[in-house]
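Student: Return atomic coordinates for the entry below.
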Amino acid sequence: MRCAISRKSPLRFAALSAAMLLASASIASAHFVWIDSTTEGEKTLIKSGFGEPGGWDPDLIDKISATVYSVKSKSGLKKLDMKLDTVEKEYRTTIEGAAPAAIVGTTDYGVVQFGPSPAGYLRYTAKRLLGDPQKWNDSATSSLRIELVAKFAGDHVDLQALYLGKPAADAKIKATLPNGDEVEMVTDAKGRAIWQLAGPGNYGCYLGVKTPKEGTHGEKKYAVLMDYTTLSFTVAK
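Tutor: This next block holds a predicted model:
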C-alpha cells in the first residue's frame, strides 16, 4: 500500500485492470457528489452538493436532483429526506438527537458523453462519516455499487475500496488533507490502503471506475459503466 503527497497537483484517475479502467480527468473539471455535516449540541446539519473537493458548485445543484439520501447504521440504509435550499443551492436536513454513523447518497446521473469518448452510464455514491472517528462503525453496504469503507486507526485511516461488492485492487484513491495537500493512495490486492492523517480538520477522498459494457438506459445507449464514490469526515481538534 503506497501513499504520496503533492501540493496543488492535478488529480487523475488511473487503470484499475483490463476490465475496469479508472477515468482520467483533471481536478479542475472533475465533479462529484459530496456530503458535509456540522453538529451543535443535539442537532446535526447535513448538507450535500455537486462539485470539487473542498467546495461544490451551486450553479450545478440541479444536476443531482435524482440523488437518494440515506442514514447508514448496522441494520443497513434508511431513507433520509433532504430538501433543496434554493438560497444556498444545496440539499439540507437537520437530524435531532444523536448523530447517525454515516449519511449516504446515491445518484443516477444518466447517460453522458464527453468529447470523443464513448457514451457512459454515470452513477455517483457519496458517504459522510459522522461523530468521533474512534467510534466509527463503518462496514460494506451490499446495495452500493461502489464504496470506500473506513476504519480509524489512531494516526491513520484504513480504507478498503469496493466495486460491485469486490475489492478494487491497484486502484488509485485521490484525497485532500485539511491543509490543502493532495494525497494519492494505491490499494493492495484486497482493495486496502492506508490514509495517513495530518491533524484536525476536514478530509475528503474519491475513487472512479469505468467498466466497458454496452447497454441502454431509458432511450440512450452507452458503451461503458461509470461509477464514482466520495468519502468525507472531520477530525476534531
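Student: Where does pLDDT dip in this structure?
Tutor: When the per-residue scores of the chain are filtered using pLDDT under 70, the ranges that remain are 1-29, 53-54.
Student: And the residue nearest the centre of it?
Tutor: If you average the C-alpha coordinates of the chain and look for the closest C-alpha using CA atoms, centre = their mean, you land on Thr230, 0.9 Å from that point.
Student: quick one: that residue from Thr141, how far?
Tutor: Distance, Thr230 to Thr141, by CB to CB, to the nearest Å: 15 Å. The way it works is simple: take the backbone N, C-alpha and C, and place the C-beta from them, glycine included.
Student: now do Asp108
Tutor: Summarising the geometry, the distance separating Asp108 from Thr141, computed by CB to CB, is 17 Å.
Student: Now for the residue nearest to the centre of the chain: which residues touch it?
Tutor: Each residue near Thr230 by CB atoms under 8 Å, 6 or more residues apart in numbering is listed here: Phe32, Val33, Trp34, Ile35, Tyr124, Thr125, Ala126, Lys127, Leu148, Gly204, Cys205, Tyr206.
Student: which SSE is it in?
Tutor: Per DSSP states H and E: Thr230 is located in strand 220-235.
Student: Can you list the strands that that strand pairs with?
Tutor: Strands that pair with strand 220-235, judged by DSSP bridges, come out as strand 120-129 (parallel), strand 201-217 (antiparallel).
Student: I would like the C-alpha coordinates for the shortest one, written out in CSV, please.
Tutor: C-alpha atoms of strand 120-129 as CSV (Å, rounded to 0.1, in the frame of the first residue of the first chain):
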residue,chain,number,x,y,z
GLY,A,120,-21.2,6.2,-20.4
TYR,A,121,-23.9,5.4,-17.9
LEU,A,122,-22.8,7.6,-14.9
ARG,A,123,-23.6,7.0,-11.2
TYR,A,124,-22.3,8.5,-8.0
THR,A,125,-22.1,7.3,-4.4
ALA,A,126,-21.2,9.7,-1.6
LYS,A,127,-20.6,9.0,2.1
ARG,A,128,-20.1,11.1,5.1
LEU,A,129,-18.9,9.6,8.4
